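In: Fold the following for me, if possible:
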Amino acid sequence: MQTLVVCSGGLDSVALSHKIAVEQTLIHLVSFDYGQRHRKELECARCCATRLGVTHDIIDIAGIGRRLTGSALTDGEAVPDGHYAEDTMRLTVVPNRNAIMLTIAFGIAMARQAEAVAAAMHGGDHFIYPDCRPSFVDAFAAMQRCALDGLAQIAFTTPFLRWSKADIIREGVRLAVPFAETWSCYKGGARHCGRCGTCVERREAFHLAGVEDPTPYDDPDYWHEACRAYLAKHLA
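Out: Numbers count the residues shown, from 1 in each chain. Next comes the predicted model:
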């Protein structure tokens, strides 16, 4: 199946790109610059496309991103530290982000005569991001069937939808994904901070997967504290 992948440059979408390259026919990667403070991820997406030998678009929707206010990823709000599943991570929600990006991706897929669009939503995202949940995926797929009715039949592929991050890492090991060439940190510094929710999630997932984490962190041990605090709060 000729497949286009929405690839942010994060661990999940890079692993997905490698999986599609092995199991289907990867034809193109699409990334989005929506004004995120962690634009460094886009360079990782570019490297992924080069490594897999496919074309790559970075779509500039920063003008739209500036109007999707209220998120720590695009506004001046500080990115919160702590466990990924804490309520504070809701500060990182960018309203309708996935719906906007996927709509564009499906348009590009039709122009390129792709048979599928793949995205890397996973089970750990469901608590925080409504546009990563199974109900959203089902509704979006139905909407796209209507939007392209009589023009194209393009499947919406989300193989990680019910996987944990640790599951994705194990799969990435099988696929020889170079995890060091992926980016998770929302703070956008020179290195992964080790303290924001996505860094904690990444560090914890490598631990749960039993895989050595090749990522250099400014604070490599903070994840222990964040996990303990989360468990103490939710098991009390």
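
In: and stretch 165-179, how far out from the chain's middle?
Out: Taking Cα atoms, centre = their mean, to the nearest Å, one finds the center of stretch 165-179 at 14 Å from the center of the full chain.

In: what comes up buried for that stretch?
Out: Judged by neighbour count using 16 or more other Cβ atoms under 10 Å, the buried positions of stretch 165-179 are Lys165, Ala166, Asp167, Ile168, Ile169, Arg170, Glu171, Gly172, Leu175, Val177, Phe179. Where you see a C-beta, it was placed from the backbone N, CA and C, and this is true even at glycine.

In: The closest residue to the first one other than its chain neighbours: what's it in contact with?
Out: Nearest residue to Lys165, sequence neighbours excluded (Cβ to Cβ, 6 or more residues apart in numbering): Ala205, at 3.6 Å. Contacts were defined as Cβ atoms under 8 Å, 6 or more residues apart in numbering; by that measure Ala205 touches Gly124, Ser164, Lys165, Ala166, Ile168, Ile169.

In: And for the closest residue to the second one other than its chain neighbours, the neighbour number?
Out: Meaning Ser164. Using Cβ to Cβ, 6+ apart and skipping residues adjacent in sequence, the residue nearest Ser164 is Gly123, 5.5 Å away. Gly123 has 17 neighbouring residues, counting by other Cβ atoms under 10 Å.

In: Next one: Gly123 relative to Glu201, how far apart?
Out: 12 Å (Cβ to Cβ, to the nearest Å).

In: quick one on the thing from earlier: what residues sit buried inside the helix or strand containing the residue nearest to Lys165?
Out: For Ala205, the host element (DSSP states H and E) is helix 197-209. With burial defined by 16+ other Cβ under 10 Å, the residues of helix 197-209 counted as buried are Gly197, Thr198, Cys199, Val200, Glu201, Arg202, Arg203, Glu204, Ala205, Phe206, His207, Ala209.
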